[in-house]
Every structure is written in structure tokens, then in C-alpha cells.
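A.B. asks: Structure, please.
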Amino acid sequence: MDRPPPEDTARRLVAERFPNARAAWLSGSVVMGSATATSDLDVTVVLPDVAVHRESLEYDGWPVELFVHTVASVWHFVALDLASRRPSMARLVATGVVLVDADGTAADLAAECADTLAAGPAPLSGSELDAMRYGLSDLLDDLDGGGAPEVLGAVAVATWQQAAELLLAVEGRWSGTGKWLVRELAAYDAQSGSAYAVRLQEGLAGAVCGRAEPLRSVATEILDRAGGRLWAGYRADAVL
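C.D. replies: The predicted structure follows:
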């Protein structure tokens with residue numbers, strides 16, 4: 001499909017729909033160089049005052065995800081992302097191509113979000129680490145227990161995800177969901193010389209086909225790095 005360049009499309013869209021924008025960025029796969037045929041344009045816009053929202057639309061033949069914010073809401077979501085260890089908001093701003101910078105807001109926010117990304121997440125608390133160890137230990141028990149193929153497939157996917165998240169957490173790295181979780185693993189591998197992204201993927205593929213040992217092995221290796229299995233004696237008090 002013949003479409004205009006993504007940056008040209010994003011600039012026209014912002015100029016048409018948000019003429020009073022203080023700042024705007026184009027982010028995501030089209031900027032990172034990893035776009036596929038179905039990639040959309042991630043466009044973040046900061047306005048003086050607006051009902052903060054996200055919106056999906058098509059424009060100039062492109063699928064577009066709009067993230068419409070104020071300065072205050074950007075920082076609200078950055079704070080939420082810090083707690084989840086998944087810095088989606090900071091990434092949208094810090095890694096984006098600037099489309100609008102009417103008053104210096106884009107430059108200031110991008111610099112501060114870049115600092116947030118560079119600082120990394122807060123260290124895990126003891127209770128957070130225990131909860132993650134317990135969750136992965138429980139999944140490994142389920143994987144060992146066997147069962148119907150469709151059940152084991154679901155357990156394998158959850159084991160893959162929790163093992164990846166635990167590794168990144170104990171190494172002080174940001175996490176993510178979906179492809180961002182894989183990207184964070186790959187970035188860690190590139191820096192450390194490991195191959196966890198590939199090993200976990202191969203383990204998952206094998207487990208879904210009934211060969212659980214490779215996934216069990218790499219997940220156990222990650223769990224051992226975090227302090228080992230934790231099940232008997234684990235307690236988590238409810239927060240009411």
C-alpha cells in the first residue's frame with residue numbers, strides 16, 4: 001500500500017486536529033526502524049487543557065494511536081509506570097521524533113523522561129521479590145504436574161512471561177508487555193552477552209508442543225538467580 005511517510009502524516013494530523021498543541025511526538029516502531037506492514041503511528045500530543053484520552057483512528061492510510069495529554073497527565077502516567085516497572089509514557093516522549101514544540105515543553109519533557117528511562121526502575125522490595133519468586137515457583141509446579149495440552153500451553157505462556165519479568169527485575173531493568181518485554185530482554189542480552197530472549201522463546205515453543213524441559217530449565221536458572229524456589233512458608237498479607 002502506497003502511503004505518505006509516517007512523519008509527514010503525523011505532522012499533518014497534529015496540525016489539523018490540535019492547532020494549539022504545546023508539544024507532540026511521533027514514537028514507536030516507525031521511529032525505531034522495526035515497523036511491520038501492520039505497524040501504526042504512535043502520536044503523543046500535549047495541550048494546555050484537555051480531557052486526557054487515547055484514541056485509535058485512520059489517517060492518510062495509516063492506523064494511528066493518539067495519546068492526548070496535559071503536562072500534568074504526562075507526569076501522572078510516568079509515576080504510574082514507575083510503579084509497574086513498564087515505562088510506556090516515558091518511552092513515548094523520550095524516544096519520539098518531535099513534531100511540535102511551541103514553547104519548549106517538548107524539549108523539557110523529553111529530557112526529563114530520558115532521565116527517567118536512564119535511571120531505571122526502583123529496586124525490588126523484599127515482599128515484591130518474594131511474590132515474584134512464589135509466582136514462578138507455583139507455575140513451575142504446574143508445568144511439572146502435566147495436564148491437558150491446552151492447559152499446559154497456558155501455563156507455559158505464563159511461565160515464559162513471569163520468568164522474563166523476574167530476570168529483568170532482579171537485574172534492575174525496565175520491563176514491558178508483549179513485544180516490549182522481548183525488546184527489553186534482547187537489550188539485556190546484548191549488554192550482558194546472554195541469550196535469555198532466544199532461550200525463553202525456544203523453551204516456550206517446545207513446552208507448547210509437549211516438551212517442557214527446556215522452558216523448565218531456563219526458568220529455574222532465572223529463579224535461582226533471584227534466590228531460588230519459594231512456596232512452602234510464603235505469606236502475603238492483604239492490603240485492605
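A.B. asks: name the element the most centrally placed residue in the chain belongs to?
C.D. replies: Residue closest to the mean C-alpha point of the chain, counted by CA atoms, centre = their mean, is residue 176 at 2.2 Å. For residue 176, there is no helix or strand it lies in under DSSP states H and E.
A.B. asks: Same check on residue 211?
C.D. replies: Per DSSP H and E: nothing holds residue 211, as it lies in no helix or strand.
A.B. asks: and residue 37, helix, strand or coil?
C.D. replies: Using DSSP: H, G, I helix; E, B strand; the rest coil, the structure places residue 37 in coil.
A.B. asks: From residue 100, how far out is it?
C.D. replies: Counting by CB to CB, to the nearest Å, the gap from residue 37 to residue 100 is 28 Å. C-beta: built from backbone N, CA, C; applies to glycine.
A.B. asks: Please export the alpha-carbon coordinates of the helix-or-strand element of the chain with minimal mean pLDDT; CSV is fine.
C.D. replies: Here the helix or strand of the chain ranked lowest by mean pLDDT, DSSP states H and E is helix 29-32, holding a mean of 85. Extracted C-alpha coordinates of helix 29-32, given in CSV (Å, rounded to 0.1, in the frame of the first residue of the first chain):
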residue,chain,number,x,y,z
SER,A,29,8.2,1.1,15.6
VAL,A,30,8.2,3.5,12.6
VAL,A,31,10.7,5.6,14.5
MET,A,32,12.8,2.7,15.9
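A.B. asks: Neighbour count for residue 37 and residue 100, which is higher?
C.D. replies: residue 100 (21 against 5; other CB atoms under 10 Å).
A.B. asks: Wait, that one touches residue 20, no?
C.D. replies: No. The pair residue 100 / residue 20 is not scored as a contact, 9.9 Å apart, by CB atoms under 8 Å.
A.B. asks: In this structure, spot the helix with the most residues.
C.D. replies: Looking across the chain with DSSP state H, the single longest helix is helix 149-170.
A.B. asks: relative to helix 149-170, how tilted is the next helix or strand after that helix?
C.D. replies: Going down the chain from helix 149-170, the next helix or strand is helix 179-192, by DSSP H and E. Calculated by axes from the mean of the first three to the mean of the last three CA atoms, to 10 degrees, helix 179-192 forms an angle of 50 degrees with helix 149-170.
A.B. asks: contacts for helix 179-192?
C.D. replies: Contacts with helix 179-192, where a contact means CB atoms under 8 Å, 6 or more residues apart in numbering, come from 86, 88, 161, 164-165, 167-168, 171, 173-176, 194-198, 200-201.
A.B. asks: Buried among these? Make that a PyMOL selection.
C.D. replies: The PyMOL selection below is limited to those of the contacts of helix 179-192 classed as buried (16 or more other CB atoms under 10 Å):
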select buried, resi 86+88+161+164+165+167+168+171+173+174+175+176+196+197+200+201
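A.B. asks: In terms of helices and strands, where is residue 68?
C.D. replies: Here residue 68 sits within strand 62-69, counting by DSSP H and E.
A.B. asks: Would you mind extracting the C-alpha trace of the following helix or strand past that strand into CSV?
C.D. replies: Downstream of strand 62-69, the first helix or strand assigned by DSSP H and E is helix 71-84. The C-alpha coordinates for helix 71-84 follow below in CSV (Å, rounded to 0.1, in the frame of the first residue of the first chain):
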residue,chain,number,x,y,z
VAL,A,71,1.8,18.3,31.1
ALA,A,72,0.3,17.2,34.5
SER,A,73,-1.1,14.0,33.0
VAL,A,74,2.2,13.0,31.4
TRP,A,75,3.8,13.0,34.8
HIS,A,76,0.8,11.2,36.3
PHE,A,77,1.3,8.3,33.9
VAL,A,78,5.1,8.4,34.3
ALA,A,79,4.6,7.9,38.0
LEU,A,80,2.1,5.0,37.4
ASP,A,81,4.6,3.4,35.0
LEU,A,82,7.4,3.6,37.6
ALA,A,83,5.3,1.5,40.0
SER,A,84,4.6,-1.1,37.3
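A.B. asks: That's all I had, so thanks and see you.
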